[in-house]
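>>> Generate a structure from the sequence data that follows.
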Amino acid sequence: MQLGLFFKRSHIGHACLCLSLATSLFWEEYCLICLAVVHWGRAVPLAWRVVEHAIAYIPCAVGD
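Sure, this is the predicted structure:
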């Protein structure tokens, strides 16, 4: 299983919002993409999608 993380920080007042984009590869055929909010070191999933893709790297131009 491969995992890639991308963090985006947004400062709203004194609060900081971090988003994490992670990918996991299953059976060398399907890639799970998960978008999560990171709070106190824990990731809370917001949305996920499974795509038929042979590698865990997903380019930004992937569409339906």
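>>> Neighbouring strands - and their directions - for whichever helix or strand residue 24 is part of?
Here residue 24 sits within strand 15-26, counting by DSSP states H and E. Sheet pairing of strand 15-26 (DSSP bridges) gives strand 7-12 (antiparallel), strand 30-39 (antiparallel).
>>> Give the full set of residues in contact with the spatially closest residue to residue 30 that is not a sequence neighbour.
Distances taken as Cβ to Cβ, 6 or more residues apart in numbering place residue 50 nearest to residue 30, at 5.5 Å, with adjacent residues excluded. For every residue, glycine as well, the C-beta is placed using N, CA and C. Residues near residue 50 by Cβ atoms under 8 Å, 6 or more residues apart in numbering: 30-33.
>>> swap in residue 31?
Per Cβ under 8 Å, 6+ apart, neighbours of residue 31: 23-25, 50-53, 55-56, 58.
>>> Neighbour count says what about these? Which are buried?
Among the contacts of residue 31, those classed as buried by 16 or more other Cβ atoms under 10 Å are 23-25, 53, 56.
>>> Which element, helix or strand, includes the nearest residue to residue 23 once chain neighbours are set aside?
Leaving out its chain neighbours, the residue that sits closest to residue 23 by Cβ to Cβ, 6+ apart is residue 56, at 4.5 Å. Residue 56 is part of no helix or strand, with elements assigned from DSSP H and E.
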